[in-house]
Structure formats: C-alpha cells, structure tokens
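Visitor: please find the sequence and the predicted model below.
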Amino acid sequence: MAAAEDIVRQIQGPGCNVNGLMKKYRCGYPLLTRAILSQISKAQWRKIVEKKVAVGNEATRFEKGHKTWNKGRKGWSPPGTEKTRFKKGHLPHNHRHVGSTRINERTRKGNTVTYKEIKVAGIMQGRHKWIAYAKYIWQQANGPVSKGMLIVHVDGDTLNDSLDNLKLVDRKGHLALQMERDPKMIKRCRKKAARTVRKMHAKNRRIKAAGTADETKKRPAGGKGKVGRAETPGQTCPQRKEGTHSRTNRHCPEGTGRKHQAAESSGRNNSLGMYGLRLQSTAIGIT
C-alpha cells in the first residue's frame, strides 16, 4: 500500500513519467497501472496522462520563427558524392531507344511461341510500350487494326514478319487457319473436352453417393406408417428399365423424395422424351 501511494505521489509531480517508474520498481505497465488505480480513480488517472502528454508536446514543439537546418539547400547531398551522382539525361545501360526490336517468348499451356517486338514509345512519351513487330508492319501499310481482329502468319513462322506473310483475320478465321495447319486439332480438343466432362460427372456421382449414404438409414420394419429397410445405395433401380424411374423417389437407391411415377402413360412419355410428345401431338391433330 505504501509503495502504491509513493507511485501516485511521484507520477503527479513534475519530471516523472511511467517509463521511469517502471525501471525504478522493475515492473511492467499492467502492474504499475493496477497500483495507481488502487489509489485514484480512472478519471483522475486519465487527467494525469493528458497533462503529461501536453507537457511533453510543448517541450518538443517548434517555437515561433524556428528556422530549419536545411533551409535553402534544395537537392543537397554530402560532399564527395559528385563522382557517383547520375548526370542530367543519364540513361541506364540496358535502355532501348524507340524503334529498337527484340525477340520475346511466350509460353501458354505448355506451348512456347517466339516472336519479334518493336518499341513504339519510351519515357519521353510517358511510358515504355512494345508491340508485336508483325502488327507494326501491318499498321504501317494498312492502318490501325480493328477491335476483335488479329494479325496472323500465313506460313506459321512467327519470325517471318514480311507483309506477304501477314493476314488480317477474325477469331473464326483464325480457328479455320489453325484447323488447316493441324487437321488433328479438333480431335485432340474433343478428347480433352470429353476427359474433362468425365471427371466432372465422376465428381458429381461421388458427391451424390456420399449424400445418399448419409440420408439412407435402416428403419424398423412393421408398424403403421413405418417403412421397412431401405434399399442399399448402389443398387440399380428396377423401374429405370421400365421408364418410370424418378430420382425423387424415397425408396430408390439413387435418390430420395416422392414415389415413382408408376403410370404407364407417364413412363411411356419419359422413355420417348420429346419424340414421344411429338408423336402424341400428331395423333390427336395438333401440329
């Protein structure tokens, strides 16, 4: 108690702060504030803190008419740095002027394409800008390229940027040109799409099987309104062959919900689909 009273008396006096008391009593801030709040209220402690902060601000505040040490030294640097200082108009060693060309590579989906680029704008124009050299040659001869159009190489050599080898096509024409170069491209694309669809369907079947296994449980047989044991998941529904299958049937291992549509006409429509509906409409005179 005596130590707490001594701490409060010191903190209220001038020239004393919390950091000094923490070092003096070898304690942390939470223990120090607990001792202080055991003697005074939170409102009193808040006023002491505000007063200490105000006094500290006044001690470190610039006085009126203060002059900074670097006034009038715009761009000042320590002496001896003139030799290693960048001169006005300096350009880096890897700088490329407007009109310079370079060979660039682009890899997309495992395919690497090599093509030439030309610099059309530099730092003096606001930013560095490079475009394909084939596009630059086409624009010089025929004007700007419309939106949605592409400049392609007829022989497939992306480094042959002669004007005779360049052709302006749209997306459809670009696809036709690729099919002409590689007739097996469509077959590969179809195989890849089929592989993706199979993976998607297999994932959906796994998700559905897991959900059906959770929902399908053993129920006690007998009793009014009670259903016997449900079919085991994975069994083939017998009504699928008859055309009366419904995934919303609660007795079906492939789904839960309403009963099968057991009506023969309904089953016939389900088996025939839109073709059966068209036949029935024709039979009754609807065209």
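Guide: Received the coordinates, thanks.

Visitor: only C-alpha atoms, please: export stretch 8-23 in CSV.
Guide: Coordinates of each C-alpha in stretch 8-23 appear next as CSV, following Å, rounded to 0.1, in the frame of the first residue of the first chain:
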residue,chain,number,x,y,z
VAL,A,8,0.9,8.1,-7.2
ARG,A,9,2.7,10.9,-5.5
GLN,A,10,5.7,10.7,-7.8
ILE,A,11,3.6,10.4,-11.0
GLN,A,12,1.6,13.5,-10.0
GLY,A,13,4.8,15.5,-9.6
PRO,A,14,6.8,17.2,-12.4
GLY,A,15,9.7,15.4,-14.2
CYS,A,16,8.3,11.9,-13.6
ASN,A,17,6.9,9.5,-16.2
VAL,A,18,5.6,6.0,-16.5
ASN,A,19,8.8,4.6,-18.1
GLY,A,20,11.0,5.9,-15.2
LEU,A,21,8.7,4.3,-12.6
MET,A,22,8.7,1.0,-14.5
LYS,A,23,12.5,1.0,-14.4
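
Visitor: which strands or helices does the strand or helix carrying residue 196 pack on?
Guide: In this structure, residue 196 sits in helix 185-215 according to DSSP states H and E. Packing partners of helix 185-215 (3 or more C-beta pairs under 8 Å, 6 or more residues apart in numbering; DSSP states H and E): helix 171-181. (C-beta placed from N, C-alpha, C; glycine too.)

Visitor: redo that, cut-off 6 Å
Guide: If you count contacts as 3 or more C-beta pairs under 6 Å, 6 or more residues apart in numbering; DSSP states H and E, helix 185-215 packs onto no helix or strand.

Visitor: pLDDT of that helix, averaged?
Guide: Mean pLDDT, computed over helix 185-215, is 86.

Visitor: same check on stretch 167-175?
Guide: pLDDT averaged over stretch 167-175 gives 88.

Visitor: about what we covered before: chain center to the helix holding residue 196, what's the gap?
Guide: Taking C-alpha atoms, centre = their mean, to the nearest Å, one finds helix 185-215 lying 25 Å from the centre of the chain it belongs to.

Visitor: below-threshold pLDDT in the protein: ranges please.
Guide: Within the chain, the stretches with pLDDT under 70 are 1-2, 124-125, 213-287.

Visitor: now the helix holding residue 196 and helix 171-181, what's the angle there?
Guide: Using axes from the mean of the first three to the mean of the last three C-alpha atoms, to 10 degrees, the inter-axis angle of helix 185-215 relative to helix 171-181 is 110 degrees.

Visitor: which parts of helix 185-215 are buried?
Guide: residue 212 (16 or more other C-beta atoms under 10 Å).
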